[in-house]
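Colleague: 3D, please:
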Amino acid sequence: MGSQLWHDIDDIKVEYHPSSGIPTKVYRFEDYGRGPGAPPAVPEADPIPWQPFRTRMDFEVAELAHDAGLSHEQLDRLIRLIHRSRIELFTLKNRKDVRDTWDAASFKMTPFTKEEVIVPFRGVDQTFPLFRRSLWDWVTDLLQDPQVGPNFVFDAQRLSKFNGEKFVRFIHEPWTAHAFWEYQSKIPSDAKPLAFILYADKAKLSSFGRAKGYPVVTRCANLPIGIRNGEGLGGGRVVGWLPIVKEDKQHSGKPAFVNFKNAVWHASFLKILDCLAPLSRLGSAIKCWDDVIRVFYPIVLILSADYEEQAVMALIRGLMGKFPCPVCLVPRDELSNTLKVFPLRTCTETKALLARARECTTLDAREQILSSQSLRDVDSSFGVLEHTDVHRALSHDKLHFNDEGLFSDHKWPELQKWVERLGRQAAVQIDSFFQSIPHWRNLNHFDQVISVSFSDGTKYEDISKLIVFAAHTEAYLLLRCIRSYVEFNMYASLEVHTEDTINNGREALSKLTGLMDKYIEDTAEMSEKSWNFPKKHLSAHLFDDIEAKSTKPNEKMHGPLKDAYQDRTNFKNFAEQILRYNHDSLIAEYIRNKLDHLDSQNLSISDDLEDQPDTALQETDNSDDIDVDSTEPTDAQHFSLGSKQAAMSFTLIEAGSLGNPAFERFRIKLNDFLNRAFAANSIPFPGGRRIQLVASDMIVEYRFLKVNFESLVDWRVSTDYLRCTPMFHGSPRYDCVILQTDTGIIFGKLMLIFTCTVGDVQYPVTLVLPYDRPVGIRPRKDKDFQFWRVKRKPRASAEFFSVHSIVRGCMIVEDVSRPDEFLIVDTIDTDMFLRMQDIRSQ
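Modeller: Just a heads-up that it's a prediction; the model follows:
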């Protein structure tokens, strides 16, 4: 098919690295993912995966005790109770037996080891504890696992999608970006790259931050993002616990002591990387899950950390150095310029400069050379790895640089100052707006924002997405900067990037820089704030990073570690206790994974259909607010209806809706809609006669709607959970939707979702209040803030639509400055952001 001269829209072209021996191929969109690299048949399950636990019951009780964090006394009580009323064989005797069995099971996966790190300071050796597990042994465990192994991708690929005129390059995984391809070109043609992602960041473990830990987390970039950023066996894993050097009042802040702390960090990290050093030069053969022996060459492809840690990794002098960027040589006084290109740092040049400085006979001469690039006189741990350049591996960190940096530390405090100057009424108005915003899945809801500080970057991200809709009359230029920042941040959040989105992202950054320059100039006399800081400059490297490495590092590890500190330690020598619990969790996850696989293999398809309830929508009331009692899939691919109510006649509906103009002549308007819909879609009329529902006919209301749609971001199925109910968690909830009509896209609010029976067929219908009245002359701010303004019709103009017409859900908020006019919130997610751009362009 790859040799054909014609292509269908959305065809995917895959160009494989020459070393793979696979020719370029073109796949139909629906077939992509079934070619080379697709997981093979499900492997045979281990029949006794619970060993070394003596029985399955033993493991499951130990697993429960581990997950629940039972005390020693509680565990003993549980074991005694089980022995009193057991049906299945249970052999655990007491808590010591449980602990001994966990220890026996610990070698199913690579365990932690404890070592000493010795670094001299002022002529005296200082000793620090380091906990680590072998990176190579960890990834070997995954390569040999019959369930994780088949998901590995070993060869670089260049992907493109046909848009009707040409193939457009896209990047969605590290092996589809430039750096992976370049690295595979440097190693022997019969070898495969094995790419590591490493994340290091100090974590506050106690409520007041007195207890701290320094975990190092790894992920394998050869695994798909859903696996490596997931919670399962192939997800992120703690592989190190670095020492934290205590501050010394006598030496703290002095260059020698700062260099010492950097030296401790790199001496510790060197022990983590040591196992990869010879293999990065010579390679290593591993017998994989499929009994095929492959030769691998490791590389640290991505280093993810906050700015302070990146400065340590790159061994630069940080904010106070002449060149504070760990990636390029931007002068400190030009950090606010994100458009100018500066020379990139390279590890080769850094090594040469360090060697030249150490040849100097005087400290002044040495300092002059090192300060010319703001370097520290410390050996880098990354120098032992062939083809790993620390400056290229350091990656833009959206959470730390944008959500917890540009916005939370700079733009948001600046806006808070403006609001404070405007007075209490302005703060009340903004807080009231946030209270009134409809609840939305995966979006934090706030009752108050102006006077509140958060420690969670996702909360700041959600505030940034919504604030311009709340306040767009005062602090106009600053709010334009915030809106421009949000557009830039939305591009940074995309899971899949094309040539077009990367170009658009660069344009968004350019626009943001221009607006910020104007704001800085206009407020120079009234503000002492400096906008010359590293996190602003690091935005300049974002899209280069995406083209080179693609990935969005995931950092969900701190939460479980904090929980382990609080719940599973005695707060003394806690690192060892946390890591033991962490490893027990890994072993439990490993055995549970094998047990679940065994169970699914043992269940026949017929048993599965007969015995397993349909739980697709029967989730408990959790963070996603799903509490559906029953669901009836009406069109399983596009939507499902839930929260079924008792059947009602038209007489009851109209009687119960007296005074509500939307429900006037309900049955008559529904008959008109059904007759038009049947005629327009060539659906045969029952008995050949027009539809004439009578007052005694019944409909069935549903108050929950799950809508599936193809995301414009990654072209996969995404889902909205929508409500149409007079009472949900104490308040009415009537969500808004995008509808596809014969004349184009419109927006509307759900007023009723129901099925009605015509002949013997149930048809899903929704009553919607359209937001499609003419808006008239749009204010200037609509262009400045990229607002999409709508006006709703009177309630008496509510219309019926087929539920099939719903494209997806949306959020609509009132423009507080223009009553009876509304704004589409295009920032609720990345799909909505791209979708509204398409709507604007049309």
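
Colleague: what's in contact with the one helix or strand Tyr721 maps to?
Modeller: Element membership of Tyr721 [criterion: DSSP states H and E] is strand 717-728. Identification of contacts with strand 717-728 by CB atoms under 8 Å, 6 or more residues apart in numbering yields 441, 624-626, 643, 702-711, 732-735, 737, 750-753, 766, 808-809, 831. All C-beta atoms are positioned from the backbone trio N, CA, C, and that covers glycine.

Colleague: cutoff 6 Å now
Modeller: For strand 717-728, contacts defined as CB atoms under 6 Å, 6 or more residues apart in numbering pick out 441, 703, 705-709, 711, 732-735, 750, 753, 808-809.

Colleague: contacting residues around the next helix or strand after that strand?
Modeller: Next helix or strand after strand 717-728 toward the C-terminus (DSSP H and E): strand 731-734. Applying CB under 6 Å, 6+ apart, the contact partners of strand 731-734 are Arg723, Cys724, Thr725, Pro726, Lys749, Leu750.

Colleague: re earlier: from the contacts of strand 717-728, which is closest to Tyr27?
Modeller: Of all the contacts of strand 717-728, Tyr27 sits closest to Ser711, with 19.1 Å by CB to CB.

Colleague: mind listing what the closest one touches?
Modeller: So Ser711 contacts Ser718, Asp831 (CB under 6 Å, 6+ apart).

Colleague: What's the per-residue pLDDT of it here?
Modeller: Per-residue pLDDT puts Ser711 at 95.

Colleague: Need the phi and psi values for it.
Modeller: Dihedral pair for Ser711: phi -70, psi 140, per degrees, to the nearest 10.

Colleague: any idea how far it is from Thr458?
Modeller: Look at Ser711 and Thr458: by CB to CB, to the nearest Å, they are 20 Å apart.

Colleague: cool, and Ile520?
Modeller: The gap separating Ile520 from Thr458 is 28 Å, by CB to CB.

Colleague: returning to what we had before: which one among the contacts of strand 717-728 gets closest to Ile272?
Modeller: Nearest to Ile272 among these is Ser711, at 37.1 Å by CB to CB.

Colleague: for this protein, what's the longest helix?
Modeller: Taking DSSP state H as the criterion, the chain has its longest helix at helix 574-602.

Colleague: List the buried residues of it.
Modeller: Neighbour-count burial for helix 574-602 flags 574-575, 577-595, 597-598 (criterion: 16 or more other CB atoms under 10 Å).

Colleague: Please apply the same query to stretch 822-839.
Modeller: Neighbour counts using 16+ other CB under 10 Å place 822-837 of stretch 822-839 among the buried residues.

Colleague: Mind telling me what element Thr458 is part of?
Modeller: Thr458 belongs to helix 457-470 when assigned by DSSP H and E.

Colleague: Beyond that helix, next helix or strand please.
Modeller: Using DSSP H and E, the first helix or strand after helix 457-470 is helix 476-493.

Colleague: got the CA coordinates for that next one in CSV?
Modeller: Output in CSV follows, covering the C-alpha atoms of helix 476-493 (Å, rounded to 0.1, in the frame of the first residue of the first chain):
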residue,chain,number,x,y,z
TYR,A,476,-6.9,44.8,30.6
LEU,A,477,-3.4,44.5,29.3
LEU,A,478,-2.4,42.1,32.1
LEU,A,479,-5.4,39.9,31.4
ARG,A,480,-4.5,39.9,27.7
CYS,A,481,-1.1,38.6,28.8
ILE,A,482,-2.7,35.9,30.9
ARG,A,483,-5.0,34.9,28.0
SER,A,484,-2.0,34.7,25.7
TYR,A,485,-0.2,32.7,28.3
VAL,A,486,-3.1,30.2,28.6
GLU,A,487,-3.1,29.8,24.8
PHE,A,488,0.7,29.0,25.0
ASN,A,489,0.1,26.7,27.9
MET,A,490,-2.7,24.8,26.0
TYR,A,491,-0.2,24.1,23.2
ALA,A,492,2.3,22.9,25.8
SER,A,493,-0.4,20.5,27.1
